[in-house]
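Visitor: Here is my input; please provide its structure:
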Amino acid sequence: MKVLIADKFEDSGRAGLKAAGCEVLYQPELKDAALTAAIRESCADVLVVRSTAVTAPMLEAGALSLIVRAGAGYNTIDVATASKRGIYVSNCPGKNAIAVAELTFALILALDRRVPDNVADLRACNWNKKEYSKARGLFGRTIGLLGYGSIGQEVARRAHGFGMPVVVWSRRFAARHADPALEPIPIQIAATPQELAARADILSIHLALNNDTRGFVNASVLDRLQPGASVINTARAEVVDYAALEAAARGKGLRVGLDVFEHEPSSPSGPFTSPIVALPLVYGTHHIGASTDQAQEAIAAETVRIVESYKNTGKVPNVVNLARKTPATHMLVVRHLDRPGVLAHVFDRLRAADLNVQETENVIFEGAQAAVARINLDAAVPESVLEQIQDGNADILDLQLVGI
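Guide: All right, here's what the predicted structure looks like:
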């Protein structure tokens, strides 16, 4: 199996892929037209990326069957086109959770103690203890977590250690899919994002980016914050209306910590401007939430596990683009002798009847003398076709059509 890595990737990960029997092409600077050409010319089976965009022309250029996003999100990958071409898309969820949670708390503490301003004044040879002694402290202050996946849970653990009440809004609690009393960290539940903002001294955002969350943190949420509250975004820039955030920061004197920004440079370094970073109590970092050695080693190991599983079993861990429910309406259950040509006969009759197979499973009984095939179809099988299947092969023992 040939693996093309088109982003920076740990030495341990490359070594792990080679140990798994993969041919590894490491070209971390590839992007845009050069990456499209490399996919076509290399005939790679697997593409591994971090922040590099994967577009429709790339997916249509070669023989890719799996894309691994060596990180948590996958919004830089054209998942819709990958799905149309039967290309698996997988990611490494949770492996950077601790790193992002640590940066979240670094920003919270920096805002409370105004650490960057302290450093700037000292470097300018200014001593101003009176000014920088004005800190609120974190103990007893409420942190509101918007989203409660792996990163939100790690932030909650750290907040609990600081003696901070934790209030959460998450769809899984809103839909009553989980019981907050069973969580390892004591948490309270807000019924809406607006209620969460009203209760929070610090609002920390941990939402995945999708069509439902784009621009989710807007004026209706930010207007509920108390004057002087803090807002932290280490998730995705697109989940926040930054114009509304800038307005709220000016109007309410918010303290803002950001690791992600609109229109970030695509290269690792270069010029960058953003109106919000000019505000006095806005502190920013350079989209480095997952960038610790520990996180990158964990992500590399998970990438190796995904590729190795696909190579050896055909199964893809963490796949994100399989249908949750197929269009299948009926299941054809075929009990048959385990002999060559039986299923070929069944599928041939189904094809002649213009019936599409959505999913299939063939289970072998002990001794490998008989088997049962379960075939999910997009429509019912006419009685005449069932008769053709049954009568056309003596190795078919029984047929059953079930609605699903």
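
Visitor: going forward, measure contacts and count neighbours with C-alpha atoms only.
Guide: Fine.

Visitor: Identify the residue spatially nearest to Asp223, adjacent ones excluded.
Guide: By the measure of CA to CA, 6 or more residues apart in numbering, the closest residue to Asp223 outside its immediate chain neighbours is Ala248, 6.9 Å from it.

Visitor: Using the three-state scheme, assign that neighbour.
Guide: Secondary structure, DSSP: H, G, I helix; E, B strand; the rest coil: Ala248 is helix.

Visitor: Check which element follows the lengthiest helix in the chain along the chain.
Guide: Across the chain, the longest stretch assigned as helix under DSSP state H is helix 293-313. Once the chain leaves helix 293-313, the next helix or strand it forms, by DSSP states H and E, is strand 330-337.

Visitor: In the stretch 101-250 of the chain, what residue spans correspond to helices?
Guide: Ranges of helices in the stretch 101-250 of the chain, per DSSP state H, counting those that start in this stretch, are 115-123, 129-132, 150-161, 171-174, 193-199, 219-222, 242-252.

Visitor: Averaging pLDDT over each of those helices, report the lowest-scoring one.
Guide: Per-stretch mean pLDDT for those is lowest at helix 171-174 (a mean of 81).

Visitor: re the thing from before, could the helices of the stretch 101-250 of the chain go into TSV alongside mean neighbour count and distance to Ser230?
Guide: Below are the helices of the stretch 101-250 of the chain laid out as TSV (neighbours: other CA atoms under 10 Å; distance: least, CA to CA, whole Å):
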stretch	mean neighbour count	distance to Ser230
helix 115-123	13	15
helix 129-132	10	17
helix 150-161	20	14
helix 171-174	14	23
helix 193-199	21	10
helix 219-222	18	11
helix 242-252	18	9
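
Visitor: Quick one: closest of the ones you listed to Ala106.
Guide: helix 115-123 (9.8 Å; CA to CA).

Visitor: re the thing from before, of the helices of the stretch 101-250 of the chain, which is nearest Ala72?
Guide: helix 150-161 (10.2 Å).

Visitor: before we move on, the earlier item: per-residue confidence averaged over the longest helix of the chain?
Guide: The average pLDDT for helix 293-313 rounds to 96.

Visitor: so how far is that helix from its chain's centroid?
Guide: Put simply, helix 293-313 sits 15 Å off its chain's centre (CA atoms, centre = their mean, to the nearest Å).

Visitor: what's the nearest residue to Asp338 if we skip its chain neighbours?
Guide: That would be Ala370: by CA to CA, 6+ apart, it lies 4.7 Å from Asp338.

Visitor: That neighbour is in contact with Pro340, isn't it?
Guide: No: using CA atoms under 8 Å, Ala370 is not in contact with Pro340; the gap is 11.6 Å.

Visitor: So between the two, which is more surrounded?
Guide: Ala370 (17 against 9; other CA atoms under 10 Å).

Visitor: give the contact list for the more buried one.
Guide: Counting by CA atoms under 8 Å, 6 or more residues apart in numbering, Ala370 touches 335-338, 364.

Visitor: Show me which of those residues is closest to Ser133.
Guide: Among the contacts of Ala370, and counting by CA to CA, the member closest to Ser133 is Ile364, at 73.0 Å.

Visitor: Can you report how many residues lie near that closest one?
Guide: 15.

Visitor: List the contacts of it.
Guide: Ile364 neighbours (CA under 8 Å, 6+ apart): 338, 370-372.

Visitor: What separation do you get for it and Asp398?
Guide: Remark: distance between Ile364 and Asp398 (CA to CA, to the nearest Å) = 15 Å.

Visitor: try Ala101
Guide: Relative to Asp398, and taking CA to CA, Ala101 is found at 57 Å.

Visitor: So for those two, which residue has more residues nearby?
Guide: Ala101 (25 against 11).

Visitor: Tell me how far the closest residue to that one other than its chain neighbours lies from Ala190.
Guide: By the measure of CA to CA, 6+ apart, the closest residue to Ala101 outside its immediate chain neighbours is Val155, 5.0 Å from it. Per CA to CA, Val155 is found 17 Å from Ala190.

Visitor: so where does the most centrally placed residue in the chain fall, helix or strand?
Guide: Central residue of the chain (CA atoms, centre = their mean): Gly73, 3.4 Å from the mean position. Using DSSP H and E, Gly73 maps to neither a helix nor a strand.

Visitor: how far away is it from Ala106?
Guide: 22 Å.

Visitor: got it, and Val3?
Guide: For Val3, the distance to Ala106 equals 36 Å [CA to CA].

Visitor: Then Gly341?
Guide: 64 Å.

Visitor: cool, Gly13 as well?
Guide: Going from Gly13 to Ala106 by CA to CA gives 28 Å.

Visitor: Which of those two has more residues huddled nearby?
Guide: The residue with more neighbours, out of Gly13 and Ala106, is Gly13; 20 against 13, by other CA under 10 Å.

Visitor: Now do the same for the more buried one: its pLDDT.
Guide: In this model, Gly13 carries a pLDDT of 97.

Visitor: thought it was touching Val304?
Guide: Yes: using CA under 8 Å, Gly13 is in contact with Val304, at 6.3 Å.

Visitor: Just put the helices of the stretch 101-250 of the chain in TSV and tack on distance to Ile299.
Guide: Listed next are these as TSV, based on distance: least, CA to CA, whole Å:
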stretch	distance to Ile299
helix 115-123	30
helix 129-132	39
helix 150-161	14
helix 171-174	26
helix 193-199	31
helix 219-222	33
helix 242-252	30
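
Visitor: my guess is Ile5 meets Gln27, correct?
Guide: Yes: between Ile5 and Gln27 there is a contact at 5.9 Å, judged by CA under 8 Å.

Visitor: Next, work out how far apart the nearest residue to Arg250 once chain neighbours are set aside and Ala197 are.
Guide: Spatially, and ignoring its direct neighbours in sequence, Arg250 is nearest to Leu279 (7.9 Å; CA to CA, 6+ apart). Going from Leu279 to Ala197 by CA to CA gives 21 Å.
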